[in-house]
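> fold the following for me, if possible:
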Amino acid sequence: MALIFLYLIQNYLLMSKSSFNSQLFQFALFPNFKNSIVYLADTLADKEEWDFADHKSKNYGILKNYIEFTFRKLLQEKKVAFTNDNKFACFNTGLVTENLEDIFAFFEEYKKPKEGFTTPFCFKAFLKKSDNTLLRHFSHQIPEVANFFDKPELLIFNPKCDLIPDLDHIIGDNILRFPAHLQTADDAELRRQLIGSIEEVKKRARTNYKIAVPQYYDNKIQLLLPLCLTSGSPNPDLALVIYKLNDSIYTARTCLTLKMAYNNARLIVKPQSNWLKT
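Here you go, the predicted structure:
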């Protein structure tokens, strides 16, 4: 299977039927996807922010992104469950109710497909684990959550490791993600700003490991660190992506906007660090 997340998340292509090649929509017809997402976010699931603060209206883009890429990971792990007669299917969304019950997406065989539709299933509902409909069909094979990591120690920044950034790659491939006032700065000035910000966050992470937020990308765990490039601003401008080369070295070759970073991080768990917010 191709790399799960590619740079679809990285480019912040929030899912829509018209602009996004969705594996979820290839798997099932959603008669009213928007209302289903609203119900999941506002009624069934434990409350959290599923839109970014600068959005004027609710789009639930973070939740749509989360459901799509969680489904892709579950497909890879063969954790989408089917009844013996293939008339029903379900998967564990990884979300929970306010009473900590797992929430599942439940599907029924698409019995009367219209011309042009090749999806094998039709979405019926998001259901909590105790729902009679779910238990009637899947009580003996309730699917597990997606597994994004096997080594919990990778979720924590190791202050004993060196951090070696590839500045040329970070700047050359990501200049449009930098603050507007730095996109036109000369190369020397941009390097100074970037080096200073990286050195600062290295020191901060060594005194507070919670600053580093884990994300899942390219089939491995990476960590996100806040980069403050704008003088006098208390808020970070970018998230530096670091990952382990070996037991003693982290490297960094790219950076993300904060929206990209939040989308990636939310696939594992709701980010708790103060700097990475919706």
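
> show me the domain layout of this protein.
Annotated domains of the chain cover 23-138, 152-266 [automatic domain parsing].

> could I get those as a markdown table with mean pLDDT?
Output for those, formatted as a markdown table (pLDDT from 0 to 100):
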| stretch | mean pLDDT |
| --- | --- |
| domain 23-138 | 93 |
| domain 152-266 | 92 |
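
> pipe these into a markdown table and attach distance to residue 278 per row.
Bear in mind the C-beta positions are built from the backbone N, C-alpha and C, glycine included. Converted to a markdown table, the domains of the chain look like this (distance: least, Cβ to Cβ, whole Å):
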| stretch | distance to residue 278 |
| --- | --- |
| domain 23-138 | 4 |
| domain 152-266 | 6 |
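
> element containing the residue nearest to residue 144 when sequence neighbours are not counted?
Take residue 144 and drop its neighbours on the chain: the residue closest to it by Cβ to Cβ, 6 or more residues apart in numbering is residue 79, 5.6 Å away. Using DSSP states H and E, residue 79 sits in no helix or strand.

> what do you get for residue 36?
With DSSP H and E as the criterion, residue 36 is inside helix 33-39.

> quick revisit: how many residues are close by the residue nearest to residue 144?
16 (other Cβ atoms under 10 Å).

> residues in contact with it?
Neighbouring residues of residue 79 by Cβ atoms under 8 Å, 6 or more residues apart in numbering: 91-92, 143-146.

> what ranges do the helices span in the stretch 151-278 of the chain?
167-174, 180-183, 187-207, 258-266 (DSSP state H, counting those that start in this stretch).

> now do the stretch 1-150 of the chain
Under DSSP H, counting those that start in this stretch, the stretch 1-150 of the chain gives helices at 23-27, 33-39, 61-76, 132-138.

> in stretch 91-108, which residues are buried?
91-96, 101-108 (16 or more other Cβ atoms under 10 Å).

> what do you get for stretch 43-54?
Here stretch 43-54 shows 44-45, 50-52 as buried, counting by 16+ other Cβ under 10 Å.

> for it, how far is the first residue from the last?
The separation between the terminal residues of stretch 43-54, taken as Cα to Cα, to the nearest Å, is 23 Å.

> now swap in stretch 200-217 and tell me
25 Å.
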